[in-house]
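Visitor: Build the 3D model from these lines:
(chains A and B)
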Amino acid sequence: MKNKVLSVTECVLTLALLAVIVSQLYVMFSIYEETFESPVRYFKQNYGTDYITQYGNRYTEIREWLPPSTILSYIGEPNESFSMGCFNYVLTQYYLSPNLIYRNNNDFDTIIYNLYNSKRVSDATNFHLNNGWHIVKDFNNGLILLAK
Amino acid sequence: MILFFLILVSFILGFSFCFALFRNTAFYNLRILFNLSIPIGIGVSSIVFVLLSIMDFTPLLILFVQIILILFLFYNNLKSKPYSNYTIINGGISNLKKQVQEPIFLLLIIIYIYAWITNAGIFFFDSVKEPHGLWDAFNYWNLKAKIINRSPNNWPALFHQMVSEDFHPDYPLLQTGYIAYCWTFLKNESVWVPITISFIFTFCTIGLLSASVSFFTNRIRGLIAGLTLLCTPFYMTMGDSQYADITVGFFYLATVVLLTLARDEPIIKLQLLIAAGITASLCGWSKNEGLLFIACLIISQLTLFPVKNTRELMNEIKYLILGILPVLLIILYYKMRIAPSNDILKAQGEKTLTKLTDCSRYATIAKWYISTIASFGKWMVNPWWFFLFGVLYKGINIKKMFPGMIANYTLLVLMLVGFFFIYIVTPLNLEFHLSTSLHRLFFQLFPTFIFLYFLSIGNRTSIT
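Guide: Residues are numbered from 1 along each chain as shown, chains lettered A, B, ... in the order given. Below is the predicted model of the structure:
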């Protein structure tokens, strides 16, 4: 019975596996090497600068405007891709909760436009403005609130 | 500071809960207990919070209920006679001193500590860069936590009205509930709450894996098992993305570890079967896949009929179900009364049969299974060949050492088959669904697989 002591094959196998693990560890470490050297600087430079946090700053004012548990229809940019449309819609819901936002559903009296590129709705051609809705507030950052 | 206090309360709750179940079992391993206690405490706190929040309890009252629960468990633990025959398998301090003298063990310890610190650093740096986590985190878990925190009296109604296809309000509430619980007390929605919770689950999984493999085999295997998980590059990415796959994966592992502990000796430890039932039910409270796990867990026990007395096995299953039942009833209540129906289940109908008989779907999924396994973990040099070599060299020793291992392996296989059939009937675009979720499903099972692998190869006393 091979008790207490590693056999040669076991040693070789363990060392080979360790070599793979260590090389992987080295690769992982080398990607972050500079960060490890100055973590405080990294924190100061990066914390709060991510896309989602920055995106959320647009919603500060509108959140104060909306009473809680408002249900809104959501309209995004007219020509955005499916994935971008989803992403912007989800982030709008994320920042405006507990208000509920419905995409592709114009049944509600209040509508939020999230025009992060074009910024403005066209008074002449916009469907809602020509069908009983009016602009309640333009937040001047692409977010526009319409009501019937 | 408040966050630390809340986590401490959950830890004490989890520890006293585990201790109550572990007493009189001749089982004493602080590393396993510690790594089980915090996640179980988080799970129980989450359930208490969600349940009492539905009943309109105020946050302070919820904390009070938790403290009463802790005092009750402490009183119960003190009242019961301590077990006089604790055996510390796998040595004690004297054994550790001997092992430290072995160069390969010392080398492993150094690498393990280095890997742990490096990965903790990577987790922190990634979290600073993406504090809201990735898609699932902000779209499902943290979004719903915001709704509970911002509308504590009306959230069930709001969940019911949410668009199922976009936000999946039917997803269980372990992570969401605990984040909301902390946010409610902190009175702000700090991103450090979900980050800390993900950190706990990520590193407790590694700790539990390493400790339990050490316990059942030896410290060298325990360290290698922990290192394999620590150094799998995509594992850390999953952790710092704040995905619940790590959470559910932890509870899969905990269930299998507890089952193995319960059946490690000729006399079955029934309390540990109840504990395994509880962790299995917490899988269901973490993600929908956890419900599949519960079903597979019960079915997998049936494979023990040929090697066990029928009456004895039915008794074991009874205790397992006893552990599962309380949380499962809460999950069912949530699914039936609060959450809208699941989008995959809702879409089933006439098309299901067509999909089930469509051979091309089977071929596509099989192809994805193979390619995902081959590139699993995104390692620079794939280490799975060493695993295969380990099997060839040491052989598999399931039946002799652990009859329960047959059930554990069946459980893994049943899960993979279950996932396969979910893809067959999915209403989503098949390629899209596979590309966005298959690797995560494999990662849920990965810690459990490593645990079973290290317990199965060779003789468990061959290296110490």
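Visitor: OK, contacts around residue B:299?
Guide: B:410, B:414 (C-beta atoms under 8 Å, 6 or more residues apart in numbering or on different chains). In short, each C-beta sits where N, CA and C put it, glycine included.
Visitor: Please give the element, helix or strand, for it.
Guide: helix B:289-301 (DSSP states H and E).
Visitor: Just the CA trace of that helix, in CSV.
Guide: In CSV, the C-alpha atoms belonging to helix B:289-301 read as follows (Å, rounded to 0.1, in the frame of the first residue of the first chain):
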residue,chain,number,x,y,z
GLU,B,289,-31.9,25.6,-12.6
GLY,B,290,-31.9,24.9,-8.9
LEU,B,291,-35.5,23.5,-9.2
LEU,B,292,-34.2,21.1,-11.9
PHE,B,293,-31.4,20.2,-9.4
ILE,B,294,-33.9,19.3,-6.7
ALA,B,295,-35.8,17.0,-9.1
CYS,B,296,-32.5,15.4,-10.3
LEU,B,297,-31.3,15.0,-6.7
ILE,B,298,-34.4,13.0,-5.7
ILE,B,299,-34.3,10.9,-8.9
SER,B,300,-30.5,10.2,-8.6
GLN,B,301,-31.1,8.7,-5.1
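Visitor: Grab the nearest non-local neighbour of residue B:161.
Guide: In this structure, residue B:161 finds its nearest non-sequential neighbour in residue A:100, 5.8 Å apart by C-beta to C-beta, 6 or more residues apart in numbering or on different chains.
Visitor: and that neighbour, how many residues sit next to it?
Guide: For residue A:100, the count of nearby residues is 20 (other C-beta atoms under 10 Å in any protein chain shown).
Visitor: wait, what's in contact with it?
Guide: For residue A:100, counting by C-beta under 8 Å, 6+ apart, the contacting residues are A:69, A:70, A:71, A:72, A:93, B:158, B:161, B:162.
Visitor: Please save the CA atoms from the host helix or strand of residue B:422 in CSV.
Guide: Assigned by DSSP H and E, residue B:422 belongs to helix B:404-425. Extracted in CSV, the C-alpha atoms of helix B:404-425 (Å, rounded to 0.1, in the frame of the first residue of the first chain):
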residue,chain,number,x,y,z
GLY,B,404,-23.3,7.4,-2.6
MET,B,405,-21.0,8.6,-5.3
ILE,B,406,-23.0,6.6,-7.8
ALA,B,407,-26.0,8.8,-7.0
ASN,B,408,-23.8,11.9,-7.1
TYR,B,409,-22.5,11.1,-10.6
THR,B,410,-26.0,10.3,-11.7
LEU,B,411,-27.0,13.7,-10.4
LEU,B,412,-24.4,15.4,-12.6
VAL,B,413,-25.4,13.4,-15.7
LEU,B,414,-29.1,14.1,-15.1
MET,B,415,-28.4,17.8,-14.8
LEU,B,416,-26.6,17.8,-18.1
VAL,B,417,-29.5,15.8,-19.7
GLY,B,418,-32.0,18.2,-18.1
PHE,B,419,-30.1,21.3,-19.5
PHE,B,420,-30.0,19.5,-22.9
PHE,B,421,-33.8,19.1,-23.0
ILE,B,422,-34.4,22.7,-21.9
TYR,B,423,-32.5,23.8,-25.0
ILE,B,424,-34.5,21.4,-27.1
VAL,B,425,-37.8,23.0,-26.1
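Visitor: what's the next secondary structure element after that helix?
Guide: Following helix B:404-425 in sequence, per DSSP H and E, is helix B:430-456.
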